[in-house]
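Colleague: Using only what follows, build the 3D model:
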Amino acid sequence: MNLPNRLTLARIFLVPIFLTVVSLQVPYGDYVAAAVFILAASTDGLDGYLARKRQLVTRLGKLMDPLADKLLVSSALISLVELHRLPGWVAMIIIGREFAVTGLRSLIAAEGTVLGASILGKLKTITQIVAIVALLLQDSPFSVARLTPGNLAMWIAIAFTIWSGLDYLNRGWAVLKKGGF
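Modeller: Next up is the predicted model:
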């Protein structure tokens, strides 16, 4: 097992640690949870960079990397809902987009084509990570009416989530139409 794959597995193993820390009501627990989340999220960019730079891209990595990302982000969003810092509809938009894009990519892959990640997808991930950290460190709940740093960051993440999802659907539909789908 190569280093990029180990980093991906580390991200998966950090999810239950994050969930444990975020659920504990201890002094400075939010800061520790945010630190664990940041550590886990930082492995995402690093594993991909190392895999490409060192030509260590593997089928295991291609399968596990997006799964690890979805586990980390979904667990954080659900935790924020549980902590009453994020409404369920926001988590559902983000998680629903992930299911839709994953399904589309799988359908296209079954046709023998790869629908690669776009810059919008990468920006979506970055904005989601920033928003999750901001909300972990924000005691007040997400609100449509209040403009706090966490709320602003989450609105930006929602916008990139929807925009990148529509971009994937548009690009994916074009690929499927070419294939006579």
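
Colleague: next SSE after whichever strand or helix holds Tyr31?
Modeller: Using DSSP states H and E, Tyr31 sits within helix 29-53. Downstream of helix 29-53, the first helix or strand assigned by DSSP H and E is helix 59-82.

Colleague: buried ones in that following helix?
Modeller: For helix 59-82, the neighbour count (16 or more other C-beta atoms under 10 Å) marks 61, 64-66, 68-69, 71-81 as buried. (Each C-beta comes from the backbone N, C-alpha and C, glycine too.)

Colleague: which parts of the helix or strand harbouring Met154 are buried?
Modeller: Using DSSP H and E, the element containing Met154 is helix 149-178. By neighbour count, with 16+ other C-beta under 10 Å as the criterion, the buried positions of helix 149-178 are 150-151, 153-158, 160-161, 164-165, 167-168, 172, 175-176.

Colleague: Give me the angle between the helix holding Tyr31 and helix 59-82.
Modeller: 160 degrees (axes from the mean of the first three to the mean of the last three C-alpha atoms, to 10 degrees).

Colleague: mind checking how far helix 29-53 is from the chain centre?
Modeller: 11 Å (C-alpha atoms, centre = their mean, to the nearest Å).

Colleague: what residues does it touch?
Modeller: Here helix 29-53 makes contact (C-beta atoms under 8 Å, 6 or more residues apart in numbering) with 2-5, 7-8, 10-11, 14-15, 17-18, 21-22, 56-58, 61, 65, 68-69, 72, 76, 125, 129, 132-133, 136-137, 139.

Colleague: now, which of these lie within strands?
Modeller: Assigned to strands by DSSP state E, none of the contacts of helix 29-53 qualify.

Colleague: Got a PyMOL select line for the buried ones in the residues you listed?
Modeller: The following PyMOL line selects those of the contacts of helix 29-53 that are buried, judged by 16+ other C-beta under 10 Å:
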select buried, resi 2+4+5+7+8+11+14+15+18+21+22+57+61+65+68+69+72+76+125+129+132+133+136
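
Colleague: and the gap between the residue nearest the centre of the chain and Glu98?
Modeller: Centrality entry for the chain: nearest residue to the mean C-alpha point is Val73, 4.3 Å, by C-alpha atoms, centre = their mean. Counting by C-beta to C-beta, to the nearest Å, the gap from Val73 to Glu98 is 7 Å.

Colleague: can you list the domains in the protein?
Modeller: The chain resolves into domains spanning 1-83, 86-181 when parsed by automatic domain parsing.

Colleague: Now mean pLDDT too, for those, in a markdown table please.
Modeller: Output for the domains of the chain, formatted as a markdown table (pLDDT from 0 to 100):
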| stretch | mean pLDDT |
| --- | --- |
| domain 1-83 | 93 |
| domain 86-181 | 90 |
